[in-house]
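> Here is my input; please provide its structure:
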Amino acid sequence: MTFKKGFLAVLAVSGFALAAQSASAQACPPPMMHHGMGPGPGPDFFMGADLTKKQHKQIDAIFKKAHNQEEGDQSRESERDLHTQIQDLLSQPGKLDRDKIASLQQQLATIRAQRDMQHLDVMEQIHDVLTPEQLTQIKDRETKERALMDQLHQLRHPDVTK
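Numbers count the residues shown, from 1 in each chain. Alright, predicted model coming up:
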């Protein structure tokens, strides 16, 4: 075998190996979802309920209003600042200032409670748009989904004491 033929053979084998490796490589995980307002009604909440066009428009308006209010809200920035202050206190040498940290944690709890109340207001507005039948449909779907999640949890984490 001449050098040229040997080189081409090595090149071909390398190409096939590289192609096989890239074909068997795992796909990248999907990007993180933006969670926006946090727990509560989102697109999945309405699955299983037949919404009218009017209801879709009303719910979209509720979400847009809440989003606009959240955009102008400085609580997230305040929350980040409080977290930074707590981390700074925790990383300082010497005796820990527990009273100062507790005060900052109380401020965090107040901000979170206010945000939770805003979320509850949004959920209440959406609740009022839905009919009793739609709420029942949503509840039924959520019940089934919870049961499936419980089954999945049991499969992944079997009770070894039995």
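> Please spell out which residues along the longest helix that the chain contains are buried.
Ranked by number of residues, the top helix in the chain under DSSP state H is helix 98-129. For helix 98-129, the neighbour count (16 or more other Cβ atoms under 10 Å) marks 104, 107-108, 111, 115, 118-119, 122-123, 125-126, 129 as buried. Quick note: C-beta positions are derived from backbone N, CA and C, even for glycine.
> same thing with stretch 48-64?
Buried, per 16+ other Cβ under 10 Å, within stretch 48-64: 48-49, 55, 58-59, 62-63.
> next helix or strand past the longest helix of the chain?
helix 132-156 (DSSP states H and E).
> what angle separates that following helix from helix 98-129?
130 degrees (axes from the mean of the first three to the mean of the last three Cα atoms, to 10 degrees).
> For residue 49, give me the backbone phi and psi.
Backbone torsions for residue 49, taken as degrees, to the nearest 10, come to phi -110, psi 130.
> elements contacting the longest helix of the chain?
If you count contacts as 3 or more Cβ pairs under 8 Å, 6 or more residues apart in numbering; DSSP states H and E, helix 98-129 packs onto helix 53-72, helix 75-91.
> Those helices: which one's closest to residue 137?
Residue 137 sits nearest to helix 53-72 of all these, at 12.7 Å, using Cβ to Cβ.
> Okay then, goodbye and thanks.
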